[in-house]
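Enquirer: structure here, sequence nowhere to be found:
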């Protein structure tokens with residue numbers, strides 16, 4: 001029979017990190033140390049609230065990443081896990097079982113416990129966000145890392161060096177900045193770094209302006225994919241090739257990849273959707289509905305005197321998804337240019353014109369479209385998942401549906417997936433800390449909490465299934481993610497958008513026919529692309 005656990009302090013060992021009050025000795029026998037020095041974790045009362053859902057080897061667990069319990073590390077080269085110390089006549093030196101890359105040796109401490117596992121690779125500092133401390137039974141603690149699941153651990157010893165950097169400044173934008181600031185504050189409090197978070201409405205303009213003026217640059221910034229051309233041209237960002245993005249969405253990684261390098265870690269994404277007024281449709285759109293079904297519903301609504309459909313058909317942002325559904329092979333051609341004179345774009349634009357001419361579609365810019373939908377005048381609009389929290393806040397009745405399939409091709413109208421991510425500026429004075437914070441924000445815990453709160457889709461694949469039950473719109477969002485395409489990050493996409501904005505207005509005004517307008521748009525695209 002083994003001896004009982006020594007009364008414990010749940011503490012972390014790391015140079016001079018000051019955290020919340022110590023956990024009373026009655027909590028359980030776990031000690032975490034860095035370089036032999038111990039620091040305390042949050043209080044016994046607070047600690048359970050910091051844990052979040054995880055799936056380990058197919059089992060549901062609750063835990064927290066070790067990187068959330070240590071200050072940002074510049075380097076780490078050894079992680080050693082030991083069983084609890086035992087005392088009394090039954091204690092036997094070396095009773096633990098060594099495993100891991102270095103095996104285990106008795107350490108000379110009371111009880112003589114050998115290491116359960118040792119990791120001694122030189123990339124540990126980058127991987128602590130995937131090392132999870134798990135809540136066990138009866139106050140015990142477990143650990144999951146690198147495919148190992150260690151039960152009933154007693155201590156963790158980490159050898160490494162702390163990042164000696166100033167407090168990072170983080171620029172955030174778009175929806176959910178309040179929730180995001182809370183997440184950064186939570187991280188700051190746990191790891192002992194006072195990060196400054198600034199809400200910046202137009203990050204691209206401000207960052208380029210500060211950079212040109214020689215001002216103090218932030219360390220970590222939120223970006224969207226079409227910011228990349230401007231930032232790369234201005235050498236505003238540093239590539240993040242060395243960071244492990246394998247747990248993040250493949251489409252998200254593609255969104256922030258340019259010239260073969262990844263420039264930001266995907267954080268979340270929004271998807272284009274059909275929003276509808278349930279009172280104006282005869283039935284809820286099915287997961288497999290078609291463009292014919294959408295048109296049939298629109299005709300029923302038209303018979304009641306309401307506006308069947310409305311969206312900003314002047315924008316290529318809403319045209320290209322239909323073009324892809326009608327047969328456009330891809331957004332960019334093999335040379336990287338986005339060209340508009342393909343058959344799929346022609347068919348899509350012709351369908352939109354027919355809907356407009358038959359008074360089934362009102363071509364409206366965003367504010368007018370949203371106003372009519374909010375007043376109950378319009379049955380169906382196209383917007384994106386970022387509208388969900390606002391509609392809920394305003395009490396507007398709505399449902400959502402993924403884009404329909406085009407019967408002629410069997411392909412879905414492909415919604416744009418608009419990824420937001422975190423990038424580290426080239427002029428950052430805290431590049432290591434900024435990278436550790438970016439890894440934290442794209443980790444499973446933040447992804448679960450943030451995306452559920454603001455109806456976003458998580459970029460972290462580990463969090464994907466875990467948020468399913470927390471978001472009642474998840475089936476439609478999941479379908480949109482499945483059939484969606486990433487908003488391009490190329491300069492040619494920006495050129496295409498600007499040219500098509502003018503051409504589409506000519507088409508809907510009747511000044512140009514479809515073929516004529518697309519041919520002229522092609523000429524302008526080619527001229528700009530050549531230059």
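Expert: Everything's here; your move. Just so you know, these numbers come straight off a predicted model, no measurement behind them.
Enquirer: local confidence estimate at residue 494?
Expert: Looking at residue 494, its pLDDT is 88.
Enquirer: so how far is the helix or strand it falls within off the chain centroid?
Expert: Using DSSP states H and E, residue 494 sits within helix 491-508. Mean-position distance between helix 491-508 and its chain equals 29 Å (Cα atoms, centre = their mean, to the nearest Å).
Enquirer: okay, and the beta partners of the spatially closest residue to residue 251 that is not a sequence neighbour?
Expert: Leaving aside its chain neighbours, residue 251 sits nearest to residue 486 (5.1 Å; criterion: Cβ to Cβ, 6 or more residues apart in numbering). Any C-beta I mention is one placed from the backbone N, CA and C, and that applies to glycine too. Residue 486 has these beta-bridge partners by DSSP bridges: residue 417.
Enquirer: so for the helix holding residue 494, what gets flagged as buried?
Expert: 491-497, 499-500, 503-504, 507-508 (16 or more other Cβ atoms under 10 Å).
Enquirer: can you name the element that comes right after it?
Expert: Trace forward from helix 491-508 with DSSP H and E and the next one is helix 514-530.
Enquirer: residue 501 contacts residue 315, correct?
Expert: Yes. Counting by Cβ atoms under 8 Å, residue 501 touches residue 315, with 6.7 Å between them.
Enquirer: over to the nearest residue in space to residue 480 that is not next to it in sequence: give its phi and psi.
Expert: Closest residue in space to residue 480, ignoring its immediate chain neighbours: residue 271 at 3.7 Å, by Cβ to Cβ, 6+ apart. Backbone dihedrals for residue 271, given as degrees, to the nearest 10, come out at phi -130, psi 140.
Enquirer: chain center to stretch 75-85, what's the gap?
Expert: In terms of Cα atoms, centre = their mean, the centre of stretch 75-85 is set 31 Å apart from its chain centre.
Enquirer: buried residues, that stretch. List them.
Expert: So, applying 16+ other Cβ under 10 Å, buried residues of stretch 75-85: 76, 78, 79, 80, 81, 82, 83, 84, 85.
Enquirer: counting neighbours, what do you get for the nearest residue to the first one once chain neighbours are set aside?
Expert: Nearest residue to residue 76 in three dimensions, chain neighbours excluded: residue 160, at 3.1 Å (Cβ to Cβ, 6+ apart). The number of residues packed near residue 160 is 20, by other Cβ atoms under 10 Å.
Enquirer: mind giving me the domain ranges of this protein?
Expert: Listed by automatic domain parsing, the domain ranges of the chain are 11-162, 169-269+419-471, 270-417+489-530.
Enquirer: which one of those has the most crowded surroundings?
Expert: Ranked by mean neighbour count under mean count of other Cβ atoms under 10 Å, the domains of the chain are led by domain 169-269+419-471, which reaches a mean of 20.
Enquirer: what's the span of it from first residue to last?
Expert: One end of domain 169-269+419-471 to the other measures 31 Å (Cα to Cα, to the nearest Å).
Enquirer: report the rounded mean pLDDT for that domain.
Expert: 95.
Enquirer: chain center to that domain, what's the gap?
Expert: That offset, for domain 169-269+419-471, works out to 8 Å (Cα atoms, centre = their mean).
Enquirer: residue 484 is in contact with the residue nearest to residue 480, correct?
Expert: Yes. Using Cβ under 8 Å, residue 271 makes contact with residue 484 at a distance of 5.5 Å.
Enquirer: what touches both of those two?
Expert: Residues touching both residue 271 and residue 484 (Cβ atoms under 8 Å, 6 or more residues apart in numbering) are 415, 416, 417.
Enquirer: follow-up on the earlier one: from residue 261, how far off is the residue nearest to residue 76?
Expert: The gap separating residue 160 from residue 261 is 27 Å, by Cβ to Cβ, to the nearest Å.
Enquirer: same question for residue 379.
Expert: Residue 379 is 45 Å from residue 261, by Cβ to Cβ.
Enquirer: which stretches of the stretch 201-350 of the chain form strands?
Expert: Ranges of strands in the stretch 201-350 of the chain, per DSSP state E, counting those that start in this stretch, are 220-224, 257-258, 261-262, 265-276, 307-311.
Enquirer: the stretch 351-500 of the chain too?
Expert: With DSSP E, counting those that start in this stretch as the criterion, the stretch 351-500 of the chain has strands spanning 361-363, 378-384, 399-401, 405-406, 411-412, 416-424, 457-458, 485-486.
Enquirer: give the other helices and strands that the fourth one contacts.
Expert: Counting contacts by 3 or more Cβ pairs under 8 Å, 6 or more residues apart in numbering; DSSP states H and E, the secondary-structure elements packed against strand 405-406 are strand 411-412.
Enquirer: so what are the sheet partners of the strand it packs on and their directions?
Expert: Strand 411-412 is paired, per DSSP bridges, with strand 405-406 (antiparallel).
Enquirer: that's a helix at the residue nearest to residue 76, yeah?
Expert: No. Counting by DSSP: H, G, I helix; E, B strand; the rest coil, residue 160 is not part of a helix but strand.
Enquirer: next, the contact list for it, please.
Expert: 34, 35, 73, 74, 75, 76, 77, 78, 124, 125.
Enquirer: helix or strand for the fourth one, which one?
Expert: Here residue 74 is covered by strand 73-82, with elements defined by DSSP H and E.
Enquirer: helices or strands up against that strand?
Expert: strand 115-119, helix 124-127, strand 148-153, strand 155-162.
Enquirer: of all the ones you listed, which lies closest to residue 234?
Expert: helix 124-127 (27.5 Å; Cβ to Cβ).
Enquirer: which element follows the closest one toward the C-terminus?
Expert: strand 132-135.
Enquirer: what residues does that following strand touch?
Expert: Identification of contacts with strand 132-135 by Cβ under 8 Å, 6+ apart yields 48, 51, 54, 56, 61-66, 69, 141-145, 156.
Enquirer: each with direction, which strands does that strand pair with?
Expert: Assessed with DSSP bridges, strand 132-135 is paired to strand 59-65 (antiparallel), strand 141-145 (antiparallel).
Enquirer: nearest to residue 217, out of those strands?
Expert: Closest among those, using Cβ to Cβ: strand 59-65, at 28.0 Å.
Enquirer: what pLDDT does the residue nearest to residue 76 get?
Expert: Predicted confidence (pLDDT) for residue 160: 95.
Enquirer: next one: residue 105
Expert: For residue 105, pLDDT reads 37.
Enquirer: where do the helices sit along the stretch 301-450 of the chain?
Expert: 316-325, 343-357, 366-374, 387-394, 431-441, 444-454 (DSSP state H, counting those that start in this stretch).
Enquirer: give me the mean pLDDT for the shortest one.
Expert: Computed over helix 387-394, the mean pLDDT rounds to 93.
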